[in-house]
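**Student:** coordinates for the following, if possible.
(chains A, B, C and D, ligands or ions: 4)
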Amino acid sequence: MPTAVPVQLIGPDGERVATSARAMPSDADLVRAYTALVAARRLNDQAYALVRQGRLAVYPSSHGQEACQVAAAQVLDAADWLFPTYRDTAAVVARGVPAGEVLVLLKGDWHSGYDPYTHNVAPQATPLATQLLHAVGVAHAARLRVEPTVVLAMCGDGATSEGDFHEALNFAAVFRAPVVFFVQNNEYAISVPLARQSVAPSLAHKGIGYGIRGERVDGNDAAALLTVLGDAVTRAREGAGPQLIEAHTYRMQAHTNADDARRYRADADVAAWEHRDPLARLSTYLRGRGLLDDAGQQVADAAAEELAAGMREELFRDVTPDPADLFTHVFAVPTPQLIEQSAVVADEQSREGALR
Amino acid sequence: MPTAVPVQLIGPDGERVATSARAMPSDADLVRAYTALVAARRLNDQAYALVRQGRLAVYPSSHGQEACQVAAAQVLDAADWLFPTYRDTAAVVARGVPAGEVLVLLKGDWHSGYDPYTHNVAPQATPLATQLLHAVGVAHAARLRVEPTVVLAMCGDGATSEGDFHEALNFAAVFRAPVVFFVQNNEYAISVPLARQSVAPSLAHKGIGYGIRGERVDGNDAAALLTVLGDAVTRAREGAGPQLIEAHTYRMQAHTNADDARRYRADADVAAWEHRDPLARLSTYLRGRGLLDDAGQQVADAAAEELAAGMREELFRDVTPDPADLFTHVFAVPTPQLIEQSAVVADEQSREGALR
Amino acid sequence: MSTTTTQPAPTGHQKLTMAQALNHALRDEMSADPSVVVFGEDVGALGGVFRITDGLTAEFGDTRCFDTPLAESGIVGMAIGMAMNGMRPVVEMQFDAFGYPAFEQVVSHVAKMRNRTRGAVTLPMVIRVPYAGGIGGVEHHCDSSEAYYAHTPGLQVLTPADAADAYGLLRAAIASPDPVVFLEPKKLYWAKEEVDLSAEVPGIGRAVVRRAGTDATLIAYGPSVPVALEAAAIAAQEGRSLQVVDVRSIVPFDDETVAAAVRSTGRAVVIAEAPGFASVASEIAARVTERCFHSLAAPIARVTGFDIPFPPPKLEHFQLPGVDRVLDAVDALQWETS
Amino acid sequence: MSTTTTQPAPTGHQKLTMAQALNHALRDEMSADPSVVVFGEDVGALGGVFRITDGLTAEFGDTRCFDTPLAESGIVGMAIGMAMNGMRPVVEMQFDAFGYPAFEQVVSHVAKMRNRTRGAVTLPMVIRVPYAGGIGGVEHHCDSSEAYYAHTPGLQVLTPADAADAYGLLRAAIASPDPVVFLEPKKLYWAKEEVDLSAEVPGIGRAVVRRAGTDATLIAYGPSVPVALEAAAIAAQEGRSLQVVDVRSIVPFDDETVAAAVRSTGRAVVIAEAPGFASVASEIAARVTERCFHSLAAPIARVTGFDIPFPPPKLEHFQLPGVDRVLDAVDALQWETS
Ligand SMILES: Cc1ncc(C[n+]2csc(CCOP(=O)(O)OP(=O)(O)O)c2C)c(N)n1
Ligand SMILES: Cc1ncc(C[n+]2csc(CCOP(=O)(O)OP(=O)(O)O)c2C)c(N)n1
Ligand SMILES: [Mg+2]
Ligand SMILES: [Mg+2]
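**Tutor:** Ligands and ions are numbered 1, 2, ... in the order given. As a prediction, the model looks like this:
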């Protein structure tokens, strides 16, 4: 049974929560997480700006959810796998994929801009919950080969309603696949609040119906996330089978820039979450413990700014994707039909070229 | 939380279980159930014989599960709805649909042989778990019109793995739809045993993830089924929302006549269930309480034999379905294309007729 | 009735976008028939990601227009049950590719219920699907999925190409006793046109000649109709007279109108965004050829999407049948042989 | 290796049913490549409801051939992940219509993975689907679902018509670096033929002329090939020489072989069980017409299933293209005009 209250190690005030029995991550881990948090926030803000500047078509921001993003990446080993959604750009970047490559999707140059095998990060998934099954397959294949791989698979609260969520958890449980299902419950699926998505005591309770251990964690508390996700990864690695973690967080911005959140929620609701900001919280804690000072903050800021500068550079670089690619990557060997069809485009282009 | 042990009111020995706090159904209800049980068993046996005689193409028998079948029908009011699967022929008949009409499907004359509105019984569903969503829709529509309808929707243990099971329970929970989901856990999905279907503590535990009350009941104990299902129907009718009931029973025969169960389970496993037979159990109990005697048994047998005779009569009646029907019932008004196509068949038939 | 709704009252002629016309159609049917209910993802407070259901919850209450949990099979499956029990559900699949999770419900139940019960149970329901490309959407947001539905017996498949048809056809779809897959060309949502809201609800199954012409016939539907019309306008300047037929109703298909049009010109090009292989365009080419073979001076040409996954935004214009490609196909119709 | 398996060892020529040939193909690929895994519903101890996977668990262990929970989207989704991580999964959809719950996984992922990752992630996987009618199955057990897959770019779609092709094509499918939807005509499972198990694994994408003929060409695939051959045999007795082409590979399609065959006769009939509208038969008719228009004496005819839900067992023979209907179509090929 998941606990009635989500695990919290650092309160919104930045103080250690006295009542929690769970271990605090190491200082080094917390400092590392903080640097990543600052970068993730900067990434979100920079991407938002790039949308306004017309360099990104759309951006689903994880602003406010950065602790989840950062922790998801940090608890994994290099050989582990991460399965992110469209909203998890910051987690993918935290895992080491260059931001410019990640944003290829939202820039519109191609569907996915990075090689998933370089960092063991699946392409960002849009069809909701479908990726959870792929995660189970990756984990099961590794298990058959007796590799120590753990797969961390992310989805939102809304995605838990899809049939594929159910099938993924059940398959993972039956096959004891080492998957950590990580639900970022940000209380909204576009405009639909959690209460219209589920009337279960919590989303973590969904684990029970599969024989999967479920846990709830404060999604704005990086320390709690590192511990809870880290323990889940360890359990999965040790053969305990899949784990389900629900992080309670909040989508601070609209679903994407194209969305108008005022149609369905009051600004005051959002404001209520301001003081639970994951960055401020960890910063206060670290400063209180002497693990962060102005100099440290400057270093983190500088790194974040470098990331943002790189993003700007990448996104202001105009790429002209080659239409031939459309036909090259359908099959290993293009069919006669695709060869004919790509010739149509090539011909059109050469005629256009001739016109110029 | 579902109980650790399924609710049982009458033990395999036909004795009242002393420990159960749940109320015993009325004598009249038990006697009624017993008559229906005898009929249901006869129906299963007769259908099996009709398959061997080539009058039915296939028959998925509920032999051994008759208590579930009978109770499902008996707990509903006339205006309620039943959503059966391919295995629930006996429940459909117990609800009042003529056996000859129900068996039209398995005889091959048409996809469904009864008018669902006559007894509020949906067509028997083959695509697993899909019907559970239809049940939610029927219930929700009734609720919008403030009608007291309850919908009892049946499925097997295997079907609980399908995405539609998940979506149906969640929709029902969120909309507080008056649906009783009734899972007959007969331990097999064709050849796949329950242990490879789910590693949850029980299937009733699946309710928790939706905020749905789940209960377990001995699926071979008609008394317990009447009470547990009856209470669930009452709760649903009173506005408590959906209910999930898992009945523990066993598929005594092969999946269908076309299946060879020896490939995947030992005869001894089946034999272990013989002494839990739902008929013998209720008979012993009723006789012990003086509610059934040889004369009563004869009356039940005679009624069952009449049912069987009717089945034989219906199934030995050769029906020549009209191919024109194939085109008549696609749309309210046939499209020009269907009119053309049905003319092709009509022409072929008239030429064949001319040849004779 | 709430006063928060922003659209003008539905009377007589108005200039409306297709999105507004669809919204009017929903409102008018909901007003006319209390059994019409609208549900899906984000169709309530938000009014749908394309605002097609804007204001419906405010006007009719949240039992008539409501959000569901996020599950398309659930949405369609529940709609089936509601239709079985006296309602006329109109559900929205948020984008074309997000209709796929509901595929089993659509193919195995929506399409078959009347048939399997020999007419005892009918499903008067509409599945609205914003579809096709042209809006720079990322993957899974631009599929032209009409062939999947059109190939499935038991489904009516409609797609409007302008605001007036959007209004009339959606009303007809909701009024139909049988299920309709209603495909809304996303890229035309914001095109404004004159709509007569007091016009009679049209019959389903009628194609329409959108432009007269004598040299060749362009056959198009949904998002490709404006392309065909533009191509015809340009061709006219070049001295070639192209007729344009808007199919509107893919199922049932209006053989009479389409075949007559092709016969009158002897040449034809079918235009559609979907990949060409085993598509609605294939069907149109095949069936028109069957009917008009001896009137044809050249084989019917197809200008369709290529047989590739829908491209990323920056490349989608290569996939969409454009005016140039249509005119190239017209040029290739073996004019020397006539 | 267990000794419980009942099939003879796979060497050289043997008389096998199609079901046995498929079983051999699985075994041979599993033996040759340890990354080949087989899973689905009832494929383990039971050996599949059609016994195609008979003995595989006994021979290779239950990590190589295993039962899954009952969920088709789960099966295909898990296969995708396993293929991403070094395996070559071969999964079974128990019957045609029970592949529909996996439709989103198939269309939005299986078909697109190579494309969206520009070749970085490939999915060498096979989805086996027992399909089509002719075995007296009840509803949902007889669908011809090839059009749904063939219309989806990124899927290879194969269907054998005899045991030898079943063996060779399934091996080729498993060896392919890209996903294959492998459609097995249920009604041909028990037909016995000579199979050369030592033959080279064939290339995908080749149609074959099964019978020479000069008057007209019958184009068929899967369950309709024997019908075409029988029709040709009867026609021969009546003095008409019919050529029969077995398409085998729906995607990629062998335009060369098919078009050459039709050109050589000037007349053609396409035969397929699936409802005709927007079908593979439509595609074949359309593309062959595009290529052979001026060689055609008559429009290409289609003999397909009607546009109706698959009928109940007692009526299915009206839906299936039979020899008589094929011969009627041949008779109607406007012979007077030549
Ligand atoms: C199968 C499917 N249906 C619908 C959508 C459209 N859609 C994209 S995001 C979204 C909401 C998802 O909410 P949630 O899972 O809570 O994730 P969040 O966006 O909050 O991170 C919807 C409905 C989709 N992408 N896939
Ligand atoms: C979607 C779907 N997949 C597969 C099948 C094939 N099939 C028919 S019955 C069955 C097993 C069902 O098991 P269970 O739900 O336990 O019901 P039972 O037969 O035991 O009553 C299977 C796999 C189907 N009917 N529908
Ligand atoms: Mg969310
Ligand atoms: Mg079962």
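**Student:** drop to CA atoms for contacts and neighbour counts, all remaining ones
**Tutor:** OK.
**Student:** tell me, how many neighbours does the nearest residue to residue C:50 once chain neighbours are set aside end up with?
**Tutor:** Ranked by Cα to Cα, 6 or more residues apart in numbering or on different chains and with sequence neighbours excluded, the top spatial neighbour of residue C:50 is residue C:19, at 7.5 Å. Counted by other Cα atoms under 10 Å in any protein chain shown, the residues lying close to residue C:19 total 25.
**Student:** and residue C:19, how far is that from residue D:12?
**Tutor:** Plainly put, residue C:19 is 65 Å away from residue D:12 if you go by Cα to Cα, to the nearest Å.
**Student:** and what of residue C:269?
**Tutor:** 52 Å.
**Student:** more neighbours, those two?
**Tutor:** Set side by side, residue C:269 and residue D:12 show more neighbours around residue C:269, with 27 against 11, by other Cα under 10 Å.
**Student:** helices of the stretch 201-350 of chain A, start to end?
**Tutor:** Residue ranges of the helices in the stretch 201-350 of chain A, as given by DSSP state H, counting those that start in this stretch, are A:222-237, A:267-274, A:278-288, A:294-316, A:325-328, A:336-355.
**Student:** same thing with the stretch 1-150 of chain C?
**Tutor:** C:18-32, C:56-60, C:72-84, C:103-105, C:113-116, C:146-150.
**Student:** now do the stretch 201-338 of chain C
**Tutor:** With DSSP H, counting those that start in this stretch as the criterion, the stretch 201-338 of chain C has helices spanning C:224-237, C:255-265, C:280-292, C:316-319, C:323-331.
**Student:** need those helices in JSON lines with mean pLDDT and mean neighbour count, can you?
**Tutor:** Shown next, in JSON lines, are the helices of the stretch 201-338 of chain C (pLDDT from 0 to 100; neighbours: other Cα atoms under 10 Å in any protein chain shown):
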{"stretch": "helix C:224-237", "mean pLDDT": "98", "mean neighbour count": "20"}
{"stretch": "helix C:255-265", "mean pLDDT": "98", "mean neighbour count": "20"}
{"stretch": "helix C:280-292", "mean pLDDT": "98", "mean neighbour count": "26"}
{"stretch": "helix C:316-319", "mean pLDDT": "97", "mean neighbour count": "20"}
{"stretch": "helix C:323-331", "mean pLDDT": "98", "mean neighbour count": "18"}
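**Student:** can you list those helices in a markdown table and add distance to chain B?
**Tutor:** Converted to a markdown table, these look like this (distance: least, Cα to the nearest Cα, whole Å):
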| stretch | distance to chain B |
| --- | --- |
| helix C:224-237 | 24 |
| helix C:255-265 | 8 |
| helix C:280-292 | 11 |
| helix C:316-319 | 31 |
| helix C:323-331 | 29 |
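**Student:** dump the ones you listed to a markdown table, plus distance to ligand 2.
**Tutor:** Below are the helices of the stretch 201-338 of chain C laid out as a markdown table (distance: least, Cα to the nearest ligand atom, whole Å):
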| stretch | distance to ligand 2 |
| --- | --- |
| helix C:224-237 | 36 |
| helix C:255-265 | 36 |
| helix C:280-292 | 27 |
| helix C:316-319 | 35 |
| helix C:323-331 | 43 |
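**Student:** what domains does the record give for the chain?
**Tutor:** You didn't say which chain, so I picked chain A. A:27-321, A:322-356 (automatic domain parsing).
**Student:** if you could check chain C rather than the one you did, that'd help
**Tutor:** C:14-196, C:208-332.
**Student:** contact partners of stretch A:269-280?
**Tutor:** A:12, A:14, A:34, A:37-38, A:64-67, A:220-222, A:250, A:252 (Cα atoms under 8 Å, 6 or more residues apart in numbering or on different chains).
**Student:** just the residues you listed: which are in strands?
**Tutor:** Among the contacts of stretch A:269-280, DSSP state E puts none in strands.
**Student:** which ones among the residues you listed come in contact with chain D?
**Tutor:** Near chain D, judged by Cα under 8 Å from any Cα of the partner chain, there are no entries from the contacts of stretch A:269-280.
**Student:** ok, which of the domains of chain C comes nearest residue D:104?
**Tutor:** domain C:14-196 (4.8 Å; Cα to Cα).
**Student:** now check the closest one, is it near ligand 1?
**Tutor:** Yes - for domain C:14-196, a contact with ligand 1 is found by Cα under 6 Å from any ligand atom, at C:94, C:98.
**Student:** what mean pLDDT does that domain get?
**Tutor:** For domain C:14-196, mean pLDDT rounds to 98.
**Student:** how about stretch A:284-304?
**Tutor:** Rounded mean pLDDT across stretch A:284-304 is 98.
**Student:** same question for stretch C:210-219.
**Tutor:** 98.
**Student:** start and end of stretch A:251-270, how far apart?
**Tutor:** Termini of stretch A:251-270 sit 8 Å apart (Cα to Cα).
**Student:** burial count for the residue in the stretch 201-350 of chain A that ligand 3 sits nearest to?
**Tutor:** Ligand 3 sits closest to residue A:251 of the stretch 201-350 of chain A, with a gap of 7.1 Å, by Cα to the ion. The number of residues packed near residue A:251 is 21, by other Cα under 10 Å.
**Student:** return only those of the contacts of stretch A:269-280 found close to ligand 2.
**Tutor:** Okay, of the contacts of stretch A:269-280, nothing touches ligand 2 (Cα under 6 Å from any ligand atom).
**Student:** sorry, back to before: nearest to residue B:174, out of the domains of chain A?
**Tutor:** Per Cα to Cα, nearest to residue B:174 of the domains of chain A: domain A:27-321, 5.9 Å.
**Student:** what about the closest one, start to end distance?
**Tutor:** Taking Cα to Cα, domain A:27-321 runs 45 Å from one end to the other.
**Student:** and that domain, is it in reach of ligand 1?
**Tutor:** Yes - interface with ligand 1: domain A:27-321 contributes A:87, A:126-128, A:155-159, A:186, A:188-190, A:255 (Cα under 6 Å from any ligand atom).
**Student:** against ligand 2, how distant is the closest residue to ligand 4 within chain C?
**Tutor:** Of all residues in chain C, residue C:104 sits closest to ligand 4, at 21.1 Å by Cα to the ion. Distance from residue C:104 to ligand 2, counting by Cα to the nearest ligand atom, to the nearest Å: 8 Å.
**Student:** does that residue touch residue D:104 like I think?
**Tutor:** No - Residue C:104 is not in contact with residue D:104 according to Cα atoms under 8 Å; the separation is 10.0 Å.
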